[in-house]
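*Asks:* 3D model of this:
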Amino acid sequence: MNDGAFIMNKIGKRSFNDEDLRINLDALMTAIAKKRPESIKGKLFSKAMVKTSMGPPLKLDIEKYQEMAKPY
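*Replies:* Numbering: from 1, shown residues only. Next comes the predicted model:
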């Protein structure tokens, strides 16, 4: 995480197929959602994007992870 609260992480390599990338992305987002600090108020995720090194970002549907990260 950087100063702007951005999390930047690799989820795969060029050789990975779409399903492998999806599995890795799901594992990353689930792990972050489950480790939500109690001190964070409001939404844990505001938006999420995935991109290649030189490609444009693709916005992700993160509703599933927002539900997981809701405080109880």
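
*Asks:* can you pull out the strands in this protein?
*Replies:* Under the criterion DSSP state E, the chain contains strands at 49-50, 58-59.

*Asks:* save those strands as TSV, and put in mean neighbour count, mean pLDDT and distance to residue 24 too.
*Replies:* All C-beta spots, glycine's among them, are computed from the backbone N, C-alpha and C. Converted to TSV, the strands of the chain look like this (neighbours: other C-beta atoms under 10 Å; pLDDT from 0 to 100; distance: least, C-beta to C-beta, whole Å):
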stretch	mean neighbour count	mean pLDDT	distance to residue 24
strand 49-50	12	88	10
strand 58-59	10	92	15
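
*Asks:* residue 30 and residue 36, how far apart?
*Replies:* Going from residue 30 to residue 36 by C-beta to C-beta, to the nearest Å gives 11 Å.

*Asks:* burial count for residue 29?
*Replies:* 22 (other C-beta atoms under 10 Å).

*Asks:* give the contact list for the closest residue to it other than its chain neighbours.
*Replies:* Nearest residue to residue 29, sequence neighbours excluded (C-beta to C-beta, 6 or more residues apart in numbering): residue 65, at 4.5 Å. Counting by C-beta atoms under 8 Å, 6 or more residues apart in numbering, residue 65 makes contact with 29-30, 32-33, 45, 48.

*Asks:* if you set the cut-off to 7 Å instead, what comes out?
*Replies:* Counting by C-beta atoms under 7 Å, 6 or more residues apart in numbering, residue 65 touches 29, 33, 45.
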